[in-house]
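Asker: Below is the sequence, then the predicted model.
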Amino acid sequence: MPELNLILLGPPGAGKGTQAERLQADFSLAHISTGDMLRSQVAADTELGRKAKLYMDEGELVPDDVIIEMITQRIDEPDAREGFLLDGFPRNESQADALDSALRAHDRRLTAVLQIEVPDDEVVRRLTGRRVCVKNPSHIYHVELDPPKHERICDQDGARLIQREDDSEQTIRRRLEVYHSQTTPLIDYYERAGLLRRFDGTRAPEEVHTHLRATLATLRLEEQI
Ligand code: AP5
């Protein structure tokens, strides 16, 4: 089976994590979320976690050297050698260049960049109501748009649901500014490389999933030819 090496690109709250959880199951991809990796370092109170938290709490990007090393090691692990889905990386051109070099060094390449588009006001509505499972951050809910069956309890494993510390309106607005200034140049960057695919993220999660899944199934067929 050919590798599917994918990036999910989009603003905070676009639904990258929501869709990654579904696509990972459909295509047996390693879901690599830099945000989740950093939050687990914060929870374990490591030196990296303590450093990262200072930036995350303010909605700023964590310095490139920390992130790039973490990701270049991760995509080389056995479960990611058959294909990966990057969620939250790259977030600026120097991260994109570093990814490109790391893949080339192992004779690998990106298959596609999946851009999920959502306007800023919708991002704020989604993130202020988001709740995540304390045990598995891939289990994502929304108090109105996608509520759990029992208030504050994860449907999938019964663990407690919490609100992320960076999901306050002030920090969400800063994260959006950072996205527009530092990450949106990657849209042109990947368009020029012929890798960009656009998806309307304002549709219902299941509809977005259907579109993504159909595109990835086609890409996989094309890779086989
Ligand atoms: P990270 O964890 O990557 O956060 P983010 O990019 O801001 O993205 P989110 O996780 O907030 O949103 P999402 O798109 O996954 O949306 P979700 O599916 O949860 O990064 C956090 C921080 O870590 C950064 O600010 C930075 O400090 C640091 N960091 C991470 N990567 C870095 C890097 N590469 N370099 C430097 N620093 C880095 O959905 C959101 C909500 O909407 C949920 O409630 C969900 O139920 C709902 N929802 C989802 N889809 C839909 C839909 N279609 N319709 C209605 N509701 C929906």
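Answerer: Happy to help now that I have it. Numbers count the residues shown, from 1 in each chain.

Asker: Which other helices and strands does the lengthiest helix in the chain contact?
Answerer: Determined from DSSP state H, the single longest helix within the chain is helix 205-224. When contacts are defined as 3 or more C-beta pairs under 8 Å, 6 or more residues apart in numbering; DSSP states H and E, helix 205-224 sits against strand 4-9, helix 16-27, strand 112-117, strand 196-200. (Each C-beta comes from the backbone N, C-alpha and C, glycine too.)

Asker: Kindly compare burial across these and name the winner.
Answerer: Mean neighbour count (mean count of other C-beta atoms under 10 Å) peaks for strand 4-9 among the helices and strands packed on helix 205-224, with a mean of 24.

Asker: helices and strands around it, which ones?
Answerer: Here strand 4-9 touches helix 16-27, strand 83-87, strand 112-117, helix 185-192, helix 205-224, going by 3+ C-beta pairs under 8 Å, 6+ apart.

Asker: Not counting its own residues, what contacts the first one?
Answerer: Helix 16-27 is contacted from outside by 4, 6, 8-10, 29-31, 33, 35-36, 83, 85, 87-88, 116, 137-140, 205, 208-209, 212-213, 216, 220, using C-beta atoms under 8 Å, 6 or more residues apart in numbering.

Asker: Output the set of residues of the protein in proximity to the ligand.
Answerer: Within the chain, the positions adjacent to the ligand are 10, 12-18, 34-35, 38, 55-56, 59-62, 67, 88-89, 91, 95, 126-127, 130, 140-142, 145-146, 166, 175, 201, 204-205, 208 by C-beta under 6 Å from any ligand atom.

Asker: So which of those sit within helices?
Answerer: Reading helices off those with DSSP H, I get 16-18, 34-35, 38, 55-56, 67, 95, 126-127, 175, 205, 208.

Asker: nearest to residue 193, of those residues?
Answerer: Of all these, residue 95 has the smallest distance to residue 193: 14.7 Å, by C-beta to C-beta.

Asker: What is the neighbour count of that closest one?
Answerer: Residue crowding around residue 95 was assessed by other C-beta atoms under 10 Å; the count is 21.

Asker: And the longest helix of the chain, what's buried?
Answerer: By neighbour count with 16 or more other C-beta atoms under 10 Å, helix 205-224 contains the buried residues 205, 208, 209, 211, 212, 216, 219, 220.

Asker: which residues sit in contact with the spatially most central residue of the chain?
Answerer: A centroid search over the chain (C-alpha atoms, centre = their mean) returns residue 87, at 2.2 Å, as the residue closest to the centre. Shown in contact with residue 87 (C-beta under 8 Å, 6+ apart): 8, 16, 17, 20, 31, 32, 33, 34, 35, 36.
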